[in-house]
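Chemist: model the structure of this input:
(one chain, ligands or ions: 1)
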Amino acid sequence: MSGQAVADIGLIGLAVMGQNLILNMADHGFTVCAYNRTTSKVDAFLDNEAKGKAIVGAHSIEELCSKLKRPRRVMLLVKAGAAVDSFIEQLLPFLEKGDIIIDGGNSHYPDTNRRCDYLAEKGILFVGSGVSGGEEGARTGPSLMPGGAKDAWPHLKDIFQSCAAQTDGEPCCDWVGDQGAGHYVKMVHNGIEYGDMQLICEAYDMLKRGVGLTNQEIADVFEKWNNGVLDSFLIEITRDILKFTDDDGTPLVEKIMDTAGQKGTGKWTAINALDLGMPVTLIGEAVFSRCLSSIREERGRASERLAGPVIDKFSGDKAKIIDQMEQALYASKIISYAQGFMLMREAAKAYGWTLNNAGIALMWRGGCIIRSAFLGDITNAYKKNADLENLLFDDFFHAAIEKAQPSWRQVVAQGALWGIPTPAFSTALSFFDGYRAKRLPANLLQAQRDYFGAHTFRILPEFASEKYPIDTDIHVNWTGRGGNVSASTYDA
Ligand code: 6PG
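Modeler: Below is the predicted model of the structure:
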C-alpha cells in the first residue's frame, strides 16, 4: 500500500518512548507517520493517544516510506542491536539517495560507526542520536545528541531542536560530531548517570545507617540539597522515592531487593575508558558497585562471617555532617564530570571527532536524566574557555573543590570508620589526590617491573648522566644475577 507524501518524519517503534516522541513532534507542528512491527499497535495508537493530531499511520515499511516527504526522514526507536540492522535492511529497498535514517536507541557507538559507513556507500545518511529523559522527557522535551552523516543535520535541525528541552532559551540538542559521536556522548552521559546515582546511594546509606535518620528525614535532606549546589533531577526524584509509602504506610524503597540491574551503557563507558587509558574511576566504581550488589546471596553469607565496626548511635552534630555530605557529594560529582570530559577529549583525539564541550554540557543541562544546575556551570566554564584542559582548572570549580575538600575528607574517613562502603566518594577523593600529586609512587612500580621482567624505566631529567641517559629505556641488573638484556616495550 502506498500513500501521499504528507509526513515530515516517520517513526518506527511504538513503545512508550516512540509514542511520546511522536506526540511531542506533532505538538511542534510536524506531521509524523507511525509504524510498528505489530501493526495493531499502530491502530491502537491512532485511535487513542494520536487522535486528532497530525499523526498518520502505516501498516508496512513500504507504506511508511511512501508517506514521507523528500528527503525521507525515518527515526528508529527500537531495541539496540539486531533490531536496528534488521529495520535498516527492511527500509533500504524503499529509500533513495539522500534519505535519512536516524537511530534513537541506546546503540553502542562502534555499531553506529559501522552503520554510518555501510549506509554512506548506499548514499543514505545515517544518524545515531542519543535520546535521554525517559518517557516524560520524550513527551515534553528530551535531550537529543545527534551525530553521524552531517549532511542530514540541516534536514533534522528544526524538528530536533524544537522538540528538545529548552534551557535558558537554548535547545538541549545540537550536532555532536561524525560517525558514532552522538551515541558515544550518550554513552558517557549514561556512565555519568551511573556515577551520580551511586553517589546519591552512598549518601543515603551513610545518612541512614551512620547518622540514623528516617527515610522522611533523609527526604528532607534531599529537599534541602535540591535547593543548593546539588539541584538536579536525580536528587529531586530521590527525595520523592524516599517519601513514597506503600499501602501499609512504610517506605516502599526499603522493600526493594538490593540488587542493581544494568543494560550495559555504564559498562561500555568503563571499558572504553580502559581502552583509551583514561582514569574514569568513578564510573568504573559505579559499575562495579552494581556488580557487587548483584551477588546478593554470597554477600548474605559474607555478612554472617565477616565482622566490621559496630555503628554506635550517632551522637555528633547532625546538621554538620549533613552539610559535610552535601560538600562531599558535590566535590565527587565535580570529579566525575571532570573524568567524563577527560574521556571525551581523549575519544575525540583517538577517533578524529571534533567534540564541543560547551555544547555537550548544554545538551545535558536540561531534558536528560543527569540534568542539573551544575551543568549550567560546566557550560559556562567551557564557554569561557573552549580549550580548558580540565574542569578542575576552571576558577569556579577550583574554588568549589577547595571549599569542599575538608568536608569531603571527613565524610570518606567517617565512612571508613563506620564500615559503610563509599566506593564513589572514596575513588573521587583518591583521584583528586592522585591528579594533584606531582610525584606518584610509579617510580617504585617501574623499578619492580624492571627488577622482575627487565621492562626498563626512564631516568628523571635531574639524574640523567652518562650511566643513566635521558629519554632512554634503561635496564639495571638489580640482583647481579640474570643478564643485561631488556624486554621490548610496548603499550597494551
Ligand atoms: C536516559 C537513560 C536511559 C537508560 C536508563 C537505564 O538517558 O534516558 O540513560 O537511556 O536506558 O537509564 O539504564 P540502565 O538499565 O543501564 O540502568
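Chemist: now for the closest residue to the ligand within the stretch 1-150 of the chain: which residues touch it?
Modeler: Nearest residue of the stretch 1-150 of the chain to the ligand, counting by CB to the nearest ligand atom: residue 132, 3.0 Å away. (Glycine included, C-beta is placed from N, CA and C.) Each residue near residue 132 by CB atoms under 8 Å, 6 or more residues apart in numbering is listed here: 142, 143, 145, 186, 189, 364, 367, 368, 369, 370.
Chemist: can you tell me which of those residues lies nearest to residue 237?
Modeler: Distance to residue 237 across the contacts of residue 132 (CB to CB) is lowest for residue 369, with 9.2 Å.
Chemist: mind checking the SS state of that closest one?
Modeler: Look at residue 369: counting by DSSP: H, G, I helix; E, B strand; the rest coil, its state is coil.
Chemist: quick check: residues of the chain near the ligand?
Modeler: 106, 132-134, 190, 193, 261-263, 265-266, 368-369 (CB under 6 Å from any ligand atom).
Chemist: rerun at 8 Å
Modeler: Residues of the chain found near the ligand (CB under 8 Å from any ligand atom) are 106, 130-134, 137, 142-143, 186, 189-190, 193-194, 197, 260-266, 368-370.
Chemist: mind checking which of these land in helices?
Modeler: 134, 137, 186, 189, 190, 193, 194, 197, 265, 266 (DSSP state H).
Chemist: that older thread, tell me, what's the model's pLDDT at the residue of the stretch 1-150 of the chain closest to the ligand?
Modeler: Looking at residue 132, its pLDDT stands at 97.
Chemist: with adjacent residues omitted, what lies nearest to it?
Modeler: Once flanking residues are discounted, residue 132 sits nearest to residue 368: 3.5 Å by CB to CB, 6 or more residues apart in numbering.
Chemist: again, but for residue 471
Modeler: residue 458 (7.0 Å).
Chemist: and residue 425, what does it touch?
Modeler: 199, 202, 328, 329, 332, 408, 411, 412, 415.
Chemist: correct me if wrong: the last one contacts residue 426.
Modeler: Yes. A contact is recorded between residue 415 and residue 426 when judged using CB atoms under 8 Å, the distance being 7.2 Å.
Chemist: generate a PyMOL selection restricted to the buried subset of the residues of the chain next to the ligand.
Modeler: Buried residues among these (16 or more other CB atoms under 10 Å), as a PyMOL selection:
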select buried, resi 106+130+131+132+133+134+137+142+143+186+189+190+193+194+197+260+265+266+368+369+370
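Chemist: the residue nearest to residue 170 when sequence neighbours are not counted: how many residues sit nearby?
Modeler: Spatial nearest neighbour of residue 170, chain neighbours left out: residue 362 (6.1 Å); criterion: CB to CB, 6+ apart. When neighbours are defined as other CB atoms under 10 Å, residue 362 has 25 of them.
Chemist: hmm, back to that, closest one of the contacts of residue 132 to residue 165?
Modeler: Nearest to residue 165 among those, with distances taken as CB to CB, is residue 367, at 2.9 Å.
Chemist: so where's the longest helix in the chain?
Modeler: Assigned via DSSP H, the chain shows its longest helix as helix 318-351.
Chemist: and the residue of the stretch 301-450 of the chain closest to the ligand?
Modeler: For the stretch 301-450 of the chain, CB to the nearest ligand atom, closest residue to the ligand: residue 369, 4.4 Å.
Chemist: so who does the closest residue to that residue other than its chain neighbours touch?
Modeler: Among residues not flanking residue 369 along the chain, residue 193 sits closest, at 5.0 Å (CB to CB, 6+ apart). By CB under 8 Å, 6+ apart, the contact list for residue 193 reads 234, 266, 369, 370.
Chemist: could you rerun that using 10 Å?
Modeler: Listed by CB atoms under 10 Å, 6 or more residues apart in numbering, the contact partners of residue 193 are 132, 233, 234, 265, 266, 269, 283, 286, 364, 368, 369, 370.
Chemist: show the pLDDT at it.
Modeler: pLDDT, residue 193: 98.
Chemist: change the start of the numbering to 40 and stick with it
Modeler: Understood, numbering begins at 40; the last thing we discussed is residue 232.
Chemist: what about it, distance to residue 514?
Modeler: Relative to residue 514, residue 232 is positioned 46 Å away (CB to CB, to the nearest Å).
Chemist: residue 326 now?
Modeler: Counting by CB to CB, the gap from residue 326 to residue 514 is 37 Å.
Chemist: just residue 126 next, same as before
Modeler: Counting by CB to CB, the gap from residue 126 to residue 514 is 57 Å.
Chemist: ditto for residue 530
Modeler: Taken as CB to CB, the span from residue 530 to residue 514 is 18 Å.
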